[in-house]
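In: Got a sequence here, can you model it:
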Amino acid sequence: MTAETSQVRSIPARGFTLTELLVTVVIIAALAAIVTPFIRSGMRSANKAACLNNLRQIGTGLATYAQEHGNRMPQIEVGRTSRTEEIPVLETALEPYLDNKEVFHCPEDDELFEKSGSSYFWNPTQSGLRLTKLEFFGTSDLKRIPLVFDKEAWHGEGDEGTMFLYADWTASDRVEFNIDP
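Out: Purely as a prediction, here's the structure:
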């Protein structure tokens, strides 16, 4: 044997130890737990913005409808429970004025749009009225008259969970029609 071969040592194969692997898994799990609420919050905010955009587009459709019908709101029902119901509702009245039926689908709605064709209700107290005659709870202030709103409070709890389209064509999550004491 030569001197060179006698000094060759075997190098052990290097891998992860069980401890290193467990520490890595725990770190990844902790990071996921920290980041997940931020991702959910971001998704909720994005869906809320998409819903507000839907309501603004519905407002544009309503304004066009009114302009073509002597400045009157459509004579329609609150909503329907099934797409097969043959009653005049928001999504059927505005169909000629909106390119995409998806504007009636709130991104947070997982079932009502599929069943009824809309995630939104119409305020029937405004049906058939002229734009100049709109009134709600004794006010004719257009920014306090809700026209269209979420069928459920998908965007949070209580008053802050529902989106509204008001008669001044603005969309908001703020309840503007409370009766002052």
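In: Show the low-confidence segments of the protein, by residue range.
Out: 1-13, 41, 157-159, 178-181 (pLDDT under 70).
In: Go through this structure and flag its longest helix.
Out: helix 18-68 (DSSP state H).
In: So which other helices or strands are in contact with that one?
Out: Where contact means 3 or more Cβ pairs under 8 Å, 6 or more residues apart in numbering; DSSP states H and E, helix 18-68 is packed against strand 120-122, strand 146-150, strand 164-166, strand 171-172. For every residue, glycine as well, the C-beta is placed using N, CA and C.
In: I'd like to check the angle between it and strand 146-150, please.
Out: Angle of helix 18-68 versus strand 146-150, following axes from the mean of the first three to the mean of the last three Cα atoms, to 10 degrees, is 150 degrees.
In: circling back to that earlier point, with mean neighbour count and distance to His69 as extra columns, can I get the helices and strands packed on helix 18-68 in TSV?
Out: Shown next, in TSV, are the helices and strands packed on helix 18-68 (neighbours: other Cβ atoms under 10 Å; distance: least, Cβ to Cβ, whole Å):
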stretch	mean neighbour count	distance to His69
strand 120-122	25	15
strand 146-150	22	15
strand 164-166	24	18
strand 171-172	18	22
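In: Specify the stretch among those that is closest to Arg40.
Out: strand 146-150 (19.2 Å; Cβ to Cβ).
In: Residues contacting the closest one, please?
Out: 51, 55, 58-59, 62, 73, 90, 106, 119-123, 126, 136, 161-167, 176-177 (Cβ atoms under 8 Å, 6 or more residues apart in numbering).
In: Restrict these to the buried ones and give me that as a PyMOL selection.
Out: Of the contacts of strand 146-150, the buried ones can be selected in PyMOL as follows, counting by 16 or more other Cβ atoms under 10 Å:
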select buried, resi 51+55+58+59+62+73+90+106+119+120+121+122+123+126+136+162+163+164+165+166+167+176+177
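In: ok, the residue nearest the centre of the chain - contacts?
Out: A centroid search over the chain (Cα atoms, centre = their mean) returns Cys51, at 3.7 Å, as the residue closest to the centre. If you count contacts by Cβ under 8 Å, 6+ apart, Cys51 has them with 106-108, 119, 150, 154-155, 163.
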